[in-house]
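Visitor: Test case, fold it:
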Amino acid sequence: MKLRELVDLIPNAVVQGNIDIDIEIKGISNHSQRVSPGDLFVCISGIPGYQVDRHPYAKDAVRAGAVAVVAERGVDVHDVPVIFVKNSRHALAVLCAHFYGYPSSELKLIGVTGTNGKTTTSHMIEAIFRYAGHKTGLMGNIGTKIGDTLYKTDINTQEPPVLQANLRRMADAGCAYAVMEVTSQGIDAGRVIGCDFRTAVFTNVTQDHLDYHGTMDNYIAAKGLFFSRLGNGFHADPKTRKFAVLNADDQASAVFQKLTAAHVLTYGIREEADVRAEDIRLSARGTTFRVVTYKGTSEMRIGMVGTFNVYNALAAIATGLVEGLTLETIRDGLASLPGVPGRLEMVDEGQPFPVLVDYAHTPDGLDNVLRAVRAFADKKVITVFGCGGDRDRSKRPVMGGIAAEYSDYVIVTSDNPRSEPPERILKDIEEGLRQKQYSADKYELLEDRAAAIERAIAMASAGDVVVIAGKGHETYQITKNGTIHFDDREVAREAIRKRQVGVSG
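Guide: Take a look at the predicted model:
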């Protein structure tokens, strides 16, 4: 593709000097270490504390083979065309969508946003459409899946060069539906601009990412952009219709409903909704409920525990209904999904007590998980968790208080401490335990996460439940010394085996 064709997409772009822009572009990148010869390098502006400014790396990109640069200000390169734009993030999204041939227009693209439940809801939706006989794509926290093949990804909502390339691969592979987790940071950073979403699904909004957004109002406003961008026109062709699937039990849905011109469908448990759950029955092995919809009523069973997973299922059911699937197909599709990696995932080595690993890393997430476990635990609930470093400190004591409310014993440990001293994080969490007047003999601070998991498993008895929260599917830990391999499930499995050898010996 010629550079001139890409430059013409940005009406107010200015080319530096009288430089020939009839050169071939083989790819687009915004990361100097991922540049390939023939690429166009886009210098996106930085986000303090989250993403570095790429302008200083323009020279490195050219050394790596970039044949042109897009920038917002002057860069230290002289041998390639430089195209100046007002907003390089917006330009990156526009350029990538065009370069890959607008792949989202060839798919029915479903985006799921919310503080909690994005991953589980996305997997439920994907399972339903896959069961219905459609080839599907999936992008999110656990990776990118095209058909039956899963690829690792570095962040949740990908930057436009990777995101649009993945959508193109899905379209070329014959996927009819693509389901994507859409984070508030991804929306705010313009990563999903250029994605033609068919349906936007909202799970919930609770305290999280305040270190990034500053206030809850800003956080909600970022998510609101997702719904406002669904489009403003109506068309006779059903294939062009847009849908917003909203949680009727979450107050933020009223804001999003005002922001969108899309057809709105609601789901919930407490409030009146188009899709509602009744007669919810929870157990350690799964959850059953009756769903009442505008298309009829059906009994549902999911292999996951907790009322919060009923909400996730309702969102998936509503999404299936707007695409014309029957309740029977949706029911069987949900039942075909045994679980989601790192979401109340069982670590089973034959021990006489459940060991559950979950990604819960927000106050609401931890509350949901521990409340669900408390409902079926026969004896003690032993909780291992921490909080990430260099992130919102205000949620730490809140999560400590939640752990105290539902746990019989708490081991506070490291999560991803990053550059922050782990002992300070642990002390912040301990403050929440103390505020709840949680007895000092019912908790301990143990900085080493592996040792904390081993300690919890060693002290558990038959009928107890061990919950290891915060990292879920993650296979790494970020410390001040760098990133190391760490998988809660692997560590728990080894601790169980070690315990069993000790008992048998």
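Visitor: which is the next helix or strand following the lowest-mean-pLDDT helix or strand in the chain?
Guide: Least confident helix or strand of the chain, by mean pLDDT, DSSP states H and E, is helix 210-213 with a mean of 58. Counting by DSSP states H and E, the next helix or strand C-terminal to helix 210-213 is helix 216-228.
Visitor: can you give me the helices for the stretch 251-400 of the chain?
Guide: 252-259, 307-322, 327-335, 363-376, 395-406 (DSSP state H, counting those that start in this stretch).
Visitor: between those, which gets nearest to D22?
Guide: Ranking the helices of the stretch 251-400 of the chain by proximity to D22 (C-beta to C-beta) places helix 252-259 first, at 42.2 Å. C-beta here means a position set from N, CA and C on the backbone, and glycine is covered the same way.
Visitor: Contacts for stretch 72-90, please.
Guide: Stretch 72-90 is contacted by residues 3, 7, 10, 12-16, 19-21, 23, 42-45, 55-56, 58-59, 62, 66-71, 91, 189-190, 193 when judged by C-beta atoms under 8 Å, 6 or more residues apart in numbering.
Visitor: any low-confidence regions in the chain?
Guide: Residues of the chain meeting the criterion pLDDT under 70: 18, 48-50, 207-214, 503-505.
Visitor: Pull up the gap between the most centrally placed residue in it and S122, please.
Guide: Computing the C-alpha centroid of the chain and ranking residues by C-alpha atoms, centre = their mean puts N141 first, at 4.6 Å. N141 is 9 Å from S122, where distance means C-beta to C-beta, to the nearest Å.
Visitor: what do you get for N312?
Guide: Plainly put, N312 is 9 Å away from S122 if you go by C-beta to C-beta.
Visitor: Can you work out which residues contact both of those two?
Guide: Shared contacts of N312 and S122, defined by C-beta under 8 Å, 6+ apart, are absent.
Visitor: Could you double-check that G143 lies in contact with T153?
Guide: Yes: contact criterion C-beta atoms under 8 Å: G143 and T153 qualify, at 5.2 Å.
Visitor: in stretch 133-145, what's buried?
Guide: For stretch 133-145, burial by neighbour count (16 or more other C-beta atoms under 10 Å) applies to 134-142, 144-145.
Visitor: I would like the residues contacting it, please.
Guide: Under the criterion C-beta under 8 Å, 6+ apart, residues 107, 112, 118-119, 122-123, 126, 129-130, 146-147, 150-153, 156-158, 163, 166-167, 169-170, 173-181, 340-342, 359, 473 lie in contact with stretch 133-145.
Visitor: Among those residues, which lie within helices?
Guide: In this view, the contacts of stretch 133-145 that belong to helices under DSSP state H are 118-119, 122-123, 126, 129-130, 163, 166-167, 169-170.
Visitor: Now distance to R371 and neighbour count too, for those residues, in a markdown table please.
Guide: Below are these laid out as a markdown table (distance: C-beta to C-beta, whole Å; neighbours: other C-beta atoms under 10 Å):
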| residue | distance to R371 | neighbour count |
| --- | --- | --- |
| K118 | 19 | 26 |
| T119 | 19 | 24 |
| S122 | 23 | 30 |
| H123 | 21 | 26 |
| E126 | 27 | 24 |
| F129 | 30 | 27 |
| R130 | 30 | 19 |
| L163 | 35 | 26 |
| N166 | 35 | 23 |
| L167 | 37 | 31 |
| R169 | 40 | 17 |
| M170 | 36 | 27 |
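Visitor: Among these, which one sits closest to T483?
Guide: Comparing the ones in helices among the contacts of stretch 133-145 against T483 with C-beta to C-beta picks out T119 as the nearest, at 20.9 Å.
Visitor: residues in contact with that closest one?
Guide: Counting by C-beta under 8 Å, 6+ apart, T119 touches 140-142, 181, 340, 343, 359.
Visitor: and what of L40?
Guide: For L40, counting by C-beta under 8 Å, 6+ apart, the contacting residues are 3, 6, 25, 27-29, 66-70, 95.
Visitor: before we move on, what about P397?
Guide: When contacts are counted by C-beta under 8 Å, 6+ apart, P397 touches 428-429, 431-432, 435.
Visitor: that older thread, can you tell me which of the helices of the stretch 251-400 of the chain is most buried?
Guide: Here the criterion is mean neighbour count by mean count of other C-beta atoms under 10 Å, and of these the winner is helix 307-322, at a mean of 26.
Visitor: what's in contact with stretch 339-354?
Guide: Contact partners of stretch 339-354, identified using C-beta under 8 Å, 6+ apart, comprise 119-120, 123, 142, 284, 303-306, 355-359, 369, 372, 457, 460-466, 471-474, 488-489, 492-493, 496-497, 499-500.
Visitor: Mark which of these are part of strands, please.
Guide: Judged by DSSP state E, the subset of these located in strands is 355-358, 465-466.
Visitor: which of the residues you listed lies closest to R424?
Guide: For these, the nearest to R424 is D358 (24.4 Å; C-beta to C-beta).
Visitor: Number of residues surrounding the closest one?
Guide: D358 sits with 26 neighbouring residues when counted by other C-beta atoms under 10 Å.
Visitor: From D390, how far out is it?
Guide: Using C-beta to C-beta, one gets 22 Å for the distance from D358 to D390.
Visitor: Let me see the contact set for the closest residue to A458 other than its chain neighbours.
Guide: For A458, ignoring the flanking residues on the chain, the nearest one in space by C-beta to C-beta, 6 or more residues apart in numbering is R499 at 5.8 Å. Going by C-beta under 8 Å, 6+ apart, R499 touches 351, 457-458.
Visitor: Any idea how far the helix or strand that contains E430 is from the middle of the chain?
Guide: Using DSSP H and E, E430 falls within helix 422-435. Distance of helix 422-435 from the chain centroid (C-alpha atoms, centre = their mean, to the nearest Å) equals 26 Å.
Visitor: Okay, buried residues for that helix please.
Guide: Buried residues in helix 422-435, counted by 16+ other C-beta under 10 Å: 422, 425-426, 428-430, 432-433.
Visitor: ok, of those residues, which one's closest to R290?
Guide: Set against R290, the nearest of the buried residues of helix 422-435 by C-beta to C-beta is G432 (37.3 Å).
Visitor: and the nearest residue to the closest one once chain neighbours are set aside, what is it in contact with?
Guide: Residue nearest to G432 in three dimensions, not counting chain neighbours: G400, with 2.5 Å by C-beta to C-beta, 6+ apart. The neighbourhood of G400, defined by C-beta under 8 Å, 6+ apart, consists of 410, 412, 428-433, 435-436.
Visitor: one step back: need the residues touching each of N141 and S122.
Guide: The contact sets of N141 and S122 overlap at E181 (C-beta under 8 Å, 6+ apart).
Visitor: thinking again about what came up before, show me which of the contacts of R499 is closest to L446.
Guide: Out of the contacts of R499, the member with the shortest distance to L446 (by C-beta to C-beta) is A458, at 12.0 Å.
Visitor: neighbours around the closest one, how many?
Guide: Applying other C-beta under 10 Å, we find 12 residues neighbouring A458.
Visitor: thinking again about what came up before, can you list the buried residues of helix 422-435 in TSV and add distance to G482?
Guide: Output for the buried residues of helix 422-435, formatted as TSV (distance: C-beta to C-beta, whole Å):
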residue	distance to G482
P422	15
I425	18
L426	21
D428	23
I429	24
E430	27
G432	29
L433	30
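Visitor: And the residues you listed, which is closest to D274?
Guide: Taking C-beta to C-beta as the measure, D274 lies nearest G432 of those, at 38.0 Å.
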